[in-house]
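Peer 1: Kindly generate the corresponding structure for this input.
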Amino acid sequence: MNEQELRRILSINIKRYRTRRAWSQVKLAEKLDISTNFLSDIETGKGWVSPLTLVKLAGALDIEVYELFKPETAMTDEKKDLVAKLTQDMATMLNQSLEHVRKQYLSDTLEALHRIGF
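Peer 2: Prediction:
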């Protein structure tokens, strides 16, 4: 792995962890006591960080330092198939539940109407 690849991984991870927290660059830069422009340079791979900034980054993002350099692994076809099946199964169960609720609502409504003489 070369420096360019390390910069790319770092920039991707910082942005990913930052956006998971719904933080702007401004907010994270304030937490790190660095300029927004410098954070932007780091996230675009133009800038590099000191060890102290790495520690601050990890602390602010509530992760370990090594996670900033951990490449994201691609999802295998098997995992994609499992996720697709899970999604389909959940949609089916949700539709079945909604249909059950609809039928129960109609039944309860008809019963109530019969009780009051409709």
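Peer 1: State the distance from Ser50 to Leu98.
Peer 2: As judged by Cβ to Cβ, to the nearest Å, Ser50 and Leu98 stand 55 Å apart. For every residue, glycine as well, the C-beta is placed using N, CA and C.
Peer 1: Oh, that last question was meant for Val55, not what I typed.
Peer 2: 49 Å.
Peer 1: And Gln4, by the same measure?
Peer 2: Counting by Cβ to Cβ - Gln4 and Leu98 are separated by 51 Å.
Peer 1: Same question for Met1.
Peer 2: Distance from Met1 to Leu98, by Cβ to Cβ: 50 Å.
Peer 1: The residue nearest to Ile34 when sequence neighbours are not counted: what secondary structure?
Peer 2: In this structure, Ile34 finds its nearest non-sequential neighbour in Thr53, 6.7 Å apart by Cβ to Cβ, 6 or more residues apart in numbering. Assigned state for Thr53: helix (three-state reduction, DSSP: H, G, I helix; E, B strand; the rest coil).
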